[in-house]
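Colleague: Okay, here's the prediction I keep looking at, along with the sequence it came from:
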Amino acid sequence: MESTLIAGIAMAEALQNRLPGLENMWLWVTFLGDPKNLFIFFFPAAYYASRRLGISVLWITFITEWLNLIFKWFLFGHRPFWWVHESGYSSQTPIQVHQFPSSCETGPGSPSGHCMVTGAALWPVMTAISSQVASRSHSPWVRAIPSLAYCTFLLAVGLSRVFLLAHFPHQVLAGLISGAALGWLMAPRVPMERELSFYGLTALALMLGASLMYWTLFTLGLDLSWSVSLAFKWCERPEWVRLDSRPFASLSRDSGAALGLGIALHSPCYAQIRRAHLGNGQKIACFMLAMGLLAILEWLGHPPQISLFYIFNFLKYTLWPCLVLALVPWLVHTFSAQEAPPIRSS
């Protein structure tokens with residue numbers, strides 16, 4: 001295993017030093033592949049394109065991110081930015097690698113969440129686009145474009161994670177394979193508009209299941225916070241260690257999104273919009289308004305205390321599906337109806 005880790009460091013060094021001028025590109029790619037962006041950008045974009053597609057993206061995102069958390073707890077994967085120091089490799093071998101603000105994540109490294117969660121959540125998007133292309137073109141080369149774009153984007157995300165010293169190549173590969181497999185398995189089985197109790201129980205199962213697993217392993221003598229202490233120990237700047245990279249931050253996000261999805265689907269606003277048909281202009285307006293409201297939520301910041309942050313994160317991601325699915329479309333539809341000129345009878 002040590003030879004695999006050393007080869008991963010050599011690959012990161014090559015990406016950082018032998019491909020000059022690509023730093024901003026890798027930083028932008030890793031930002032796009034962040035699982036958090038699946039909630040705040042890809043989910044509303046997919047939903048306003050297709051109601052079923054948006055719900056699929058959201059459901060697969062929070063289920064896969066929860067599974068990624070569980071896998072990381074059991075696999076105990078090191079991250080390159082601390083392994084080079086903790087193992088003593090950097091003192092034995094001269095290497096030229098450096099950290100970035102996105103390097104200092106606090107959870108274990110295997111498998112890569114960027115690759116696993118993003119790969120799974122974008123699978124239904126890729127298949128939906130592929131079916132649209134296939135219905136309009138008989139050329140096998142044109143039909144292959146969505147699949148090729150999907151694979152290219154995920155490969156770029158994986159390389160960016162290696163570049164940043166956030167993951168080793170084998171962790172990226174594990175994330176890519178598991179993400180594509182989960183996307184393929186889950187996309188046809190996404191529950192659509194179940195009872196509110198179903199989503200409430202799903203949120204409760206995510207929260208209690210992970211918490212029970214954590215405390216069971218802790219009772220057995222396994223310190224699941226080992227990666228947090230290593231991140232603080234070896235990150236070049238303390239401010240680079242973000243609260244939202246902690247394992248329980250993703251858990252609060254996932255359970256909140258599950259509950260928010262159920263509340264949104266059973267709200268009066270959604271029931272009214274469900275019967276209406278929004279035009280393309282209205283859908284674009286919905287997306288822009290949703291992004292504006294998100295900017296306000298981000299501007300509010302978050303509490304510095306870790307326990308209050310988890311509560312705030314849970315409430316924020318409970319609110320977000322309600323805004324995207326119900327409140328924003330209802331507002332756009334209501335104001336559009338008021339602004340429409342009355343039809344005069346001749």
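Modeller: Done, it's in.

Colleague: mind listing what's buried in stretch 162-175?
Modeller: 162-172, 174-175 (16 or more other Cβ atoms under 10 Å). Backbone N, C-alpha and C define where each C-beta goes, glycine included.

Colleague: repeat for stretch 89-105
Modeller: Those would be Y89, V97, Q99, F100, S102, S103, C104, E105, for stretch 89-105 by 16+ other Cβ under 10 Å.

Colleague: out of those residues, what pair is the most spread apart?
Modeller: Largest separation among the buried residues of stretch 89-105 by Cβ to Cβ: Y89 and S102, giving 21.7 Å.

Colleague: May I ask which of the buried residues of stretch 89-105 comes out lowest in pLDDT?
Modeller: pLDDT is lowest at Y89 among the buried residues of stretch 89-105; the value there is 85.

Colleague: okay but that residue is in contact with W83, surely?
Modeller: Yes: using Cβ atoms under 8 Å, Y89 is in contact with W83, at 7.3 Å.

Colleague: So what's the residue count around N68?
Modeller: 28 (other Cβ atoms under 10 Å).

Colleague: correct me, but it touches G113?
Modeller: Yes: the pair N68 and G113 passes the contact test of Cβ under 8 Å, sitting 4.7 Å apart.

Colleague: Need the residues touching each of those two.
Modeller: P35, G175, S250 (Cβ atoms under 8 Å, 6 or more residues apart in numbering).

Colleague: Sort out for me which of these are in helices.
Modeller: P35, G175, S250 (DSSP state H).

Colleague: Can you tell me which of the residues you listed is closest to L122?
Modeller: Distances from L122 to those, taken by Cβ to Cβ, are shortest for P35, at 11.0 Å.

Colleague: Tell me which entries of the buried residues of stretch 89-105 lie within helices.
Modeller: Y89.

Colleague: Below-threshold pLDDT in the stretch 201-346 of the chain: ranges please.
Modeller: 338-346 (pLDDT under 70).

Colleague: can you rerun that using 50?
Modeller: 345-346 (pLDDT under 50).

Colleague: Kindly report the same for the stretch 51-200 of the chain.
Modeller: In the stretch 51-200 of the chain (pLDDT under 50), no residue qualifies.

Colleague: where exactly do the helices run in it?
Modeller: 51-75, 80-86, 89-92, 113-121, 123-136, 140-143, 145-163, 169-186, 196-219 (DSSP state H, counting those that start in this stretch).

Colleague: what's next to the last one, contact-wise?
Modeller: Outside helix 196-219, the residues that touch it by Cβ under 8 Å, 6+ apart are 62, 66, 69-70, 73, 191, 224, 251-252, 254-256, 258-259, 261-263, 265-266.

Colleague: Can I have the buried ones of the residues you listed as a PyMOL selection?
Modeller: The buried residues among the contacts of helix 196-219 can be selected in PyMOL (16+ other Cβ under 10 Å) with this line:
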select buried, resi 62+66+69+73+224+251+252+254+255+256+258+259+261+262+263+265+266
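
Colleague: Dump the buried residues of stretch 89-105 to CSV, plus distance to F41.
Modeller: Formatted as CSV, those follow (distance: Cβ to Cβ, whole Å):
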residue, distance to F41
Y89, 37
V97, 30
Q99, 26
F100, 21
S102, 17
S103, 22
C104, 23
E105, 19
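
Colleague: Nearest to E2 among the buried residues of stretch 89-105?
Modeller: Y89 (8.8 Å).

Colleague: Now list whatever residues contact both of Y89 and W83.
Modeller: I9.

Colleague: Was I right to think E193 contacts A264?
Modeller: No: if you go by Cβ under 8 Å, E193 and A264 don't touch, sitting 10.3 Å apart.

Colleague: Comparing these two, which residue is more hemmed in?
Modeller: The residue with more neighbours, out of E193 and A264, is A264; 23 against 15, by other Cβ under 10 Å.

Colleague: Quick one: residues contacting the nearest residue to that one once chain neighbours are set aside.
Modeller: Leaving aside its chain neighbours, A264 sits nearest to L325 (3.9 Å; criterion: Cβ to Cβ, 6 or more residues apart in numbering). Residues counted as contacts of L325 (Cβ under 8 Å, 6+ apart) are Y47, G54, L261, A264, L265, S267, Y270.

Colleague: rerun that using 10 Å as the cut-off
Modeller: L325 is in contact with 43-44, 47, 51, 54-55, 58, 260-261, 263-265, 267, 269-270, 273-274, 290, counting by Cβ atoms under 10 Å, 6 or more residues apart in numbering.

Colleague: From L27, how far out is it?
Modeller: 31 Å (Cβ to Cβ, to the nearest Å).

Colleague: Next: A276.
Modeller: In terms of Cβ to Cβ, A276 sits 41 Å off from L27.

Colleague: Looking at these two, which has the bigger crowd around it?
Modeller: L27 (16 against 13).

Colleague: Let's have the helices of the stretch 51-200 of the chain in a markdown table, adding distance to K283.
Modeller: Converted to a markdown table, the helices of the stretch 51-200 of the chain look like this (distance: least, Cβ to Cβ, whole Å):
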| stretch | distance to K283 |
| --- | --- |
| helix 51-75 | 11 |
| helix 80-86 | 41 |
| helix 89-92 | 51 |
| helix 113-121 | 20 |
| helix 123-136 | 16 |
| helix 140-143 | 26 |
| helix 145-163 | 21 |
| helix 169-186 | 24 |
| helix 196-219 | 24 |
